[in-house]
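[1] Any chance you can model this:
(one chain, ligands or ions: 1)
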Amino acid sequence: MTYPGTLLRKEKLFAKKELGQNFLADPKTAEMIVNRSKISKNDTVLEIGAGLGALTVHAAKKAAKIYAVEKDKRLIKILTDELESVGIVNVELINQDIFKVDTKELGFGRKLIVLGNLPYNISSQVLFKLVKERNNIKKAILMFQKELAQRIQASCGGRDYGRLSVVMQYCSKIKNIADIGGHLFFPKPEVESRVIELSFFETTCFSGEKEDFFFKVIKAAFSKRRKTLRNSLAGNELDIDSKTAAQILKQTGIDPVRRAETLDVNEFIDLTRTLWSK
Ligand code: SAM
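    I've put the predicted structure just below:
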(Lines give C-alpha, C1' and ligand atoms only; values in the text may rest on other atoms or scores of the structure.)
Protein backbone atom coordinates (compact mmCIF):
# COMPACT_ATOMS: atom_id res chain seq x y z
CA MET A 1 0.00 0.00 0.00
CA THR A 2 1.41 3.35 -1.03
CA TYR A 3 1.34 6.12 1.58
CA PRO A 4 -1.90 8.17 1.11
CA GLY A 5 -0.02 11.49 0.99
CA THR A 6 2.20 10.18 -1.83
CA LEU A 7 -0.78 8.90 -3.83
CA LEU A 8 -2.67 12.18 -3.48
CA ARG A 9 0.38 14.33 -4.32
CA LYS A 10 1.08 12.27 -7.44
CA GLU A 11 -2.42 13.05 -8.72
CA LYS A 12 -2.26 16.68 -7.44
CA LEU A 13 -5.21 15.99 -5.14
CA PHE A 14 -5.97 16.98 -1.58
CA ALA A 15 -8.04 15.28 1.13
CA LYS A 16 -11.58 16.63 1.39
CA LYS A 17 -12.56 17.52 4.94
CA GLU A 18 -16.28 17.53 4.11
CA LEU A 19 -16.01 13.85 3.13
CA GLY A 20 -14.21 12.97 6.34
CA GLN A 21 -11.06 12.03 4.42
CA ASN A 22 -8.53 11.01 7.03
CA PHE A 23 -6.90 8.00 5.44
CA LEU A 24 -5.45 5.20 7.51
CA ALA A 25 -1.74 5.39 6.73
CA ASP A 26 -0.40 2.39 8.63
CA PRO A 27 -0.69 -0.97 6.80
CA LYS A 28 -0.01 -2.97 10.01
CA THR A 29 -2.99 -1.33 11.75
CA ALA A 30 -5.19 -1.96 8.71
CA GLU A 31 -4.13 -5.61 8.66
CA MET A 32 -4.75 -5.96 12.40
CA ILE A 33 -8.32 -4.58 12.04
CA VAL A 34 -9.07 -6.95 9.17
CA ASN A 35 -7.57 -9.95 11.02
CA ARG A 36 -9.64 -9.19 14.13
CA SER A 37 -12.80 -8.91 12.05
CA LYS A 38 -12.39 -12.63 11.18
CA ILE A 39 -13.54 -12.31 7.58
CA SER A 40 -13.42 -15.67 5.78
CA LYS A 41 -13.44 -16.96 2.21
CA ASN A 42 -17.23 -17.50 2.46
CA ASP A 43 -17.91 -13.84 3.19
CA THR A 44 -19.13 -11.01 1.03
CA VAL A 45 -18.01 -7.67 2.40
CA LEU A 46 -19.52 -4.24 1.92
CA GLU A 47 -16.87 -1.62 2.59
CA ILE A 48 -18.16 1.89 3.30
CA GLY A 49 -15.83 4.67 2.15
CA ALA A 50 -12.97 2.64 0.64
CA GLY A 51 -10.85 5.77 0.17
CA LEU A 52 -7.36 4.80 -1.00
CA GLY A 53 -7.87 1.16 -0.08
CA ALA A 54 -6.10 0.82 3.28
CA LEU A 55 -8.63 -1.75 4.53
CA THR A 56 -9.74 -2.95 1.08
CA VAL A 57 -6.45 -4.63 0.14
CA HIS A 58 -6.28 -6.66 3.36
CA ALA A 59 -9.99 -7.56 3.37
CA ALA A 60 -9.75 -8.69 -0.27
CA LYS A 61 -7.19 -11.32 0.70
CA LYS A 62 -9.61 -12.82 3.24
CA ALA A 63 -13.07 -12.49 1.64
CA ALA A 64 -14.81 -14.04 -1.34
CA LYS A 65 -15.93 -10.69 -2.66
CA ILE A 66 -15.74 -7.02 -1.65
CA TYR A 67 -18.15 -4.31 -2.71
CA ALA A 68 -16.16 -1.18 -2.00
CA VAL A 69 -18.32 1.94 -1.97
CA GLU A 70 -16.63 5.31 -2.36
CA LYS A 71 -18.42 8.59 -3.00
CA ASP A 72 -15.38 10.55 -4.21
CA LYS A 73 -14.90 9.91 -7.93
CA ARG A 74 -11.33 11.29 -7.79
CA LEU A 75 -10.25 8.34 -5.64
CA ILE A 76 -11.77 5.62 -7.81
CA LYS A 77 -9.06 5.77 -10.48
CA ILE A 78 -6.26 5.75 -7.90
CA LEU A 79 -7.82 2.81 -6.09
CA THR A 80 -8.41 0.90 -9.34
CA ASP A 81 -4.70 1.26 -10.20
CA GLU A 82 -3.61 0.33 -6.66
CA LEU A 83 -5.70 -2.85 -6.63
CA GLU A 84 -4.53 -3.79 -10.10
CA SER A 85 -0.89 -3.29 -9.16
CA VAL A 86 -1.18 -5.88 -6.38
CA GLY A 87 -3.25 -8.32 -8.48
CA ILE A 88 -6.51 -8.03 -6.53
CA VAL A 89 -9.49 -9.07 -8.66
CA ASN A 90 -12.33 -9.72 -6.17
CA VAL A 91 -13.11 -6.06 -5.41
CA GLU A 92 -15.96 -4.29 -7.17
CA LEU A 93 -15.64 -0.53 -6.78
CA ILE A 94 -18.93 1.33 -6.55
CA ASN A 95 -18.67 5.09 -7.04
CA GLN A 96 -21.76 5.95 -5.04
CA ASP A 97 -23.08 7.61 -1.94
CA ILE A 98 -23.58 4.87 0.68
CA PHE A 99 -27.08 6.16 1.39
CA LYS A 100 -28.05 5.26 -2.18
CA VAL A 101 -26.75 1.71 -1.91
CA ASP A 102 -29.30 -1.04 -1.29
CA THR A 103 -27.64 -3.72 0.85
CA LYS A 104 -30.30 -6.24 -0.17
CA GLU A 105 -29.06 -6.18 -3.75
CA LEU A 106 -25.47 -6.99 -2.82
CA GLY A 107 -25.66 -10.16 -0.76
CA PHE A 108 -27.69 -12.28 -3.22
CA GLY A 109 -29.54 -13.83 -0.30
CA ARG A 110 -26.47 -14.10 1.95
CA LYS A 111 -25.78 -11.75 4.82
CA LEU A 112 -23.03 -9.20 4.33
CA ILE A 113 -20.15 -8.21 6.55
CA VAL A 114 -19.88 -4.44 6.65
CA LEU A 115 -16.45 -2.88 7.08
CA GLY A 116 -15.48 0.75 7.22
CA ASN A 117 -13.42 3.56 8.58
CA LEU A 118 -16.40 5.87 8.59
CA PRO A 119 -16.42 9.54 7.70
CA TYR A 120 -17.11 11.05 11.11
CA ASN A 121 -19.82 13.43 9.95
CA ILE A 122 -22.11 10.64 8.73
CA SER A 123 -21.33 7.89 11.27
CA SER A 124 -24.64 8.05 13.16
CA GLN A 125 -26.70 8.14 9.95
CA VAL A 126 -24.78 5.13 8.63
CA LEU A 127 -25.55 3.27 11.86
CA PHE A 128 -29.27 3.97 11.53
CA LYS A 129 -29.17 2.75 7.92
CA LEU A 130 -27.44 -0.48 8.97
CA VAL A 131 -29.93 -1.04 11.80
CA LYS A 132 -32.83 -0.60 9.34
CA GLU A 133 -31.24 -3.01 6.87
CA ARG A 134 -29.80 -5.45 9.39
CA ASN A 135 -31.72 -8.40 7.94
CA ASN A 136 -29.09 -8.29 5.18
CA ILE A 137 -26.13 -7.88 7.52
CA LYS A 138 -24.37 -10.38 9.78
CA LYS A 139 -22.02 -7.96 11.48
CA ALA A 140 -20.33 -4.62 11.03
CA ILE A 141 -16.74 -3.75 11.92
CA LEU A 142 -16.57 0.01 12.00
CA MET A 143 -14.12 2.70 12.95
CA PHE A 144 -15.63 5.70 14.72
CA GLN A 145 -14.46 8.81 16.47
CA LYS A 146 -13.67 7.39 19.93
CA GLU A 147 -16.34 9.50 21.66
CA LEU A 148 -19.05 8.14 19.36
CA ALA A 149 -17.93 4.54 19.96
CA GLN A 150 -18.06 5.24 23.71
CA ARG A 151 -21.64 6.51 23.32
CA ILE A 152 -22.62 3.30 21.50
CA GLN A 153 -21.03 1.18 24.25
CA ALA A 154 -22.15 3.29 27.23
CA SER A 155 -23.97 1.69 30.16
CA CYS A 156 -27.26 2.99 31.47
CA GLY A 157 -26.87 5.84 33.95
CA GLY A 158 -23.68 7.35 32.54
CA ARG A 159 -23.07 10.66 30.81
CA ASP A 160 -22.46 9.00 27.41
CA TYR A 161 -25.60 6.86 27.54
CA GLY A 162 -28.15 8.05 24.98
CA ARG A 163 -30.23 7.24 21.92
CA LEU A 164 -27.40 5.47 20.06
CA SER A 165 -26.56 3.30 23.09
CA VAL A 166 -30.14 2.08 23.47
CA VAL A 167 -30.73 1.47 19.75
CA MET A 168 -27.43 -0.36 19.18
CA GLN A 169 -27.54 -2.42 22.39
CA TYR A 170 -31.12 -3.45 21.57
CA CYS A 171 -30.17 -4.98 18.22
CA SER A 172 -26.51 -5.99 18.44
CA LYS A 173 -23.76 -7.50 20.53
CA ILE A 174 -20.97 -4.96 20.76
CA LYS A 175 -17.28 -5.87 20.98
CA ASN A 176 -14.19 -3.68 21.18
CA ILE A 177 -11.72 -4.33 18.36
CA ALA A 178 -9.04 -1.64 18.79
CA ASP A 179 -8.24 1.94 19.73
CA ILE A 180 -6.35 3.79 16.99
CA GLY A 181 -4.26 6.93 17.58
CA GLY A 182 -4.64 10.01 15.38
CA HIS A 183 -0.98 9.84 14.31
CA LEU A 184 -1.75 6.77 12.15
CA PHE A 185 -3.84 8.78 9.67
CA PHE A 186 -3.14 11.19 6.84
CA PRO A 187 -4.06 13.95 7.28
CA LYS A 188 -3.85 13.62 11.06
CA PRO A 189 -7.25 14.22 12.67
CA GLU A 190 -7.79 16.08 15.93
CA VAL A 191 -9.49 13.06 17.46
CA GLU A 192 -8.72 9.47 18.45
CA SER A 193 -10.58 6.56 16.88
CA ARG A 194 -12.02 3.27 18.02
CA VAL A 195 -12.99 0.18 16.02
CA ILE A 196 -15.93 -1.84 17.29
CA GLU A 197 -17.76 -4.90 16.06
CA LEU A 198 -21.56 -4.94 16.01
CA SER A 199 -23.00 -8.44 15.59
CA PHE A 200 -26.68 -8.10 14.81
CA PHE A 201 -29.06 -10.37 16.72
CA GLU A 202 -31.06 -12.82 14.58
CA THR A 203 -34.26 -11.73 16.32
CA THR A 204 -35.32 -8.72 18.38
CA CYS A 205 -38.52 -7.93 20.34
CA PHE A 206 -39.95 -5.61 17.71
CA SER A 207 -40.08 -5.38 13.94
CA GLY A 208 -41.73 -3.22 11.28
CA GLU A 209 -44.00 -0.41 12.47
CA LYS A 210 -43.67 -1.37 16.11
CA GLU A 211 -39.90 -1.10 15.92
CA ASP A 212 -40.16 2.30 14.21
CA PHE A 213 -42.36 3.35 17.12
CA PHE A 214 -39.81 1.99 19.63
CA PHE A 215 -37.12 4.14 17.99
CA LYS A 216 -39.46 7.15 18.18
CA VAL A 217 -39.98 6.59 21.91
CA ILE A 218 -36.21 6.48 22.48
CA LYS A 219 -35.71 9.64 20.41
CA ALA A 220 -38.46 11.48 22.31
CA ALA A 221 -37.14 10.37 25.71
CA PHE A 222 -33.64 11.71 24.97
CA SER A 223 -34.85 14.84 23.17
CA LYS A 224 -34.85 16.81 26.41
CA ARG A 225 -32.19 15.03 28.45
CA ARG A 226 -32.41 17.31 31.46
CA LYS A 227 -36.15 16.93 31.84
CA THR A 228 -38.01 14.19 33.62
CA LEU A 229 -39.47 11.44 31.45
CA ARG A 230 -42.97 12.74 32.14
CA ASN A 231 -42.00 15.97 30.39
CA SER A 232 -39.63 14.69 27.72
CA LEU A 233 -42.19 12.20 26.36
CA ALA A 234 -44.83 14.94 26.07
CA GLY A 235 -45.21 17.54 23.35
CA ASN A 236 -43.47 15.81 20.47
CA GLU A 237 -44.32 13.29 17.76
CA LEU A 238 -45.60 10.78 20.34
CA ASP A 239 -48.57 13.14 20.60
CA ILE A 240 -49.25 12.80 24.34
CA ASP A 241 -49.41 15.39 27.12
CA SER A 242 -47.41 15.19 30.34
CA LYS A 243 -50.38 13.89 32.36
CA THR A 244 -50.86 10.93 29.98
CA ALA A 245 -47.09 10.36 29.90
CA ALA A 246 -47.04 10.18 33.72
CA GLN A 247 -49.91 7.67 33.73
CA ILE A 248 -48.22 5.46 31.13
CA LEU A 249 -44.91 5.56 32.97
CA LYS A 250 -46.60 4.58 36.26
CA GLN A 251 -48.49 1.79 34.48
CA THR A 252 -45.12 0.47 33.22
CA GLY A 253 -43.66 0.63 36.72
CA ILE A 254 -41.35 3.55 35.92
CA ASP A 255 -41.26 6.60 38.18
CA PRO A 256 -42.35 9.57 35.96
CA VAL A 257 -39.68 11.82 37.48
CA ARG A 258 -36.81 9.63 36.33
CA ARG A 259 -34.69 10.83 33.41
CA ALA A 260 -34.13 8.99 30.10
CA GLU A 261 -30.51 8.11 30.87
CA THR A 262 -31.59 6.01 33.86
CA LEU A 263 -33.72 3.61 31.76
CA ASP A 264 -32.09 0.44 30.52
CA VAL A 265 -32.96 -1.18 27.18
CA ASN A 266 -35.54 -3.52 28.74
CA GLU A 267 -37.32 -0.62 30.42
CA PHE A 268 -37.51 1.18 27.06
CA ILE A 269 -39.01 -2.00 25.59
CA ASP A 270 -41.62 -2.21 28.39
CA LEU A 271 -42.46 1.47 28.05
CA THR A 272 -42.95 1.07 24.28
CA ARG A 273 -45.30 -1.88 24.83
CA THR A 274 -47.50 0.21 27.18
CA LEU A 275 -47.45 3.25 24.88
CA TRP A 276 -48.27 1.10 21.83
CA SER A 277 -51.32 -0.42 23.43
CA LYS A 278 -52.70 2.83 24.91
N1 SAM B 1 -11.22 3.38 4.19
C2 SAM B 1 -10.24 4.41 3.95
C3 SAM B 1 -9.17 4.35 5.01
O4 SAM B 1 -9.37 3.66 6.03
O5 SAM B 1 -8.14 4.99 4.84
C6 SAM B 1 -10.87 5.81 3.90
C7 SAM B 1 -11.54 6.25 5.18
S8 SAM B 1 -12.00 7.95 5.21
C9 SAM B 1 -12.15 8.18 6.94
C10 SAM B 1 -13.72 7.92 4.74
C11 SAM B 1 -13.99 7.67 3.26
O12 SAM B 1 -15.40 7.69 3.04
C13 SAM B 1 -13.43 8.74 2.33
O14 SAM B 1 -12.70 8.13 1.30
C15 SAM B 1 -14.65 9.49 1.79
O16 SAM B 1 -14.48 10.00 0.50
C17 SAM B 1 -15.70 8.41 1.84
N18 SAM B 1 -17.09 8.92 1.95
C19 SAM B 1 -17.51 10.05 2.57
N20 SAM B 1 -18.85 10.15 2.52
C21 SAM B 1 -19.30 9.05 1.85
C22 SAM B 1 -20.59 8.59 1.46
N23 SAM B 1 -21.69 9.27 1.75
N24 SAM B 1 -20.67 7.42 0.78
C25 SAM B 1 -19.55 6.72 0.47
N26 SAM B 1 -18.30 7.11 0.81
C27 SAM B 1 -18.17 8.26 1.49
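
[2] Those residues of the stretch 101-250 of the chain touching the ligand, which are they?
    Applying C-beta under 6 Å from any ligand atom, we find that the stretch 101-250 of the chain lies next to the ligand at 117, 119, 122. Where you see a C-beta, it was placed from the backbone N, CA and C, and this is true even at glycine.

[3] Okay, and which of the residues you listed map to strands?
    Counting by DSSP state E, those place residue 117 in strands.

[4] Identify, from the residues of the stretch 101-250 of the chain next to the ligand, the entry nearest to residue 203.
    residue 122 (28.3 Å; C-beta to C-beta).

[5] so what does the helix or strand of the chain with the lowest mean pLDDT touch, helix or strand wise?
    Lowest on mean pLDDT, DSSP states H and E among the helices and strands of the chain sits helix 103-107, with a mean of 91. For helix 103-107, the elements it packs on are strand 44-48, strand 112-117, judged by 3 or more C-beta pairs under 8 Å, 6 or more residues apart in numbering; DSSP states H and E.

[6] would you turn the ones you listed into CSV with mean neighbour count and mean pLDDT?
    Converted to CSV, the helices and strands packed on helix 103-107 look like this (neighbours: other C-beta atoms under 10 Å; pLDDT from 0 to 100):
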stretch, mean neighbour count, mean pLDDT
strand 44-48, 24, 98
strand 112-117, 26, 98
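
[7] This structure - how does it break down into domains?
    As given by automatic domain parsing, the domain ranges for the chain are 4-200, 208-276.

[8] Just give me the residue right at the centre of this structure.
    residue 127 (3.3 Å; C-alpha atoms, centre = their mean).

[9] Tell me how many other residues surround the residue nearest to residue 249 when sequence neighbours are not counted.
    Closest residue to residue 249 apart from its sequence neighbours, by C-beta to C-beta, 6 or more residues apart in numbering: residue 256 at 4.3 Å. Neighbours of residue 256 under the rule other C-beta atoms under 10 Å: 18.

[10] quick one: secondary structure of residue 178?
    strand (DSSP: H, G, I helix; E, B strand; the rest coil).

[11] Which single residue of the stretch 101-250 of the chain approaches the ligand most closely?
    Residue nearest to the ligand within the stretch 101-250 of the chain: residue 117 (3.4 Å; C-beta to the nearest ligand atom).
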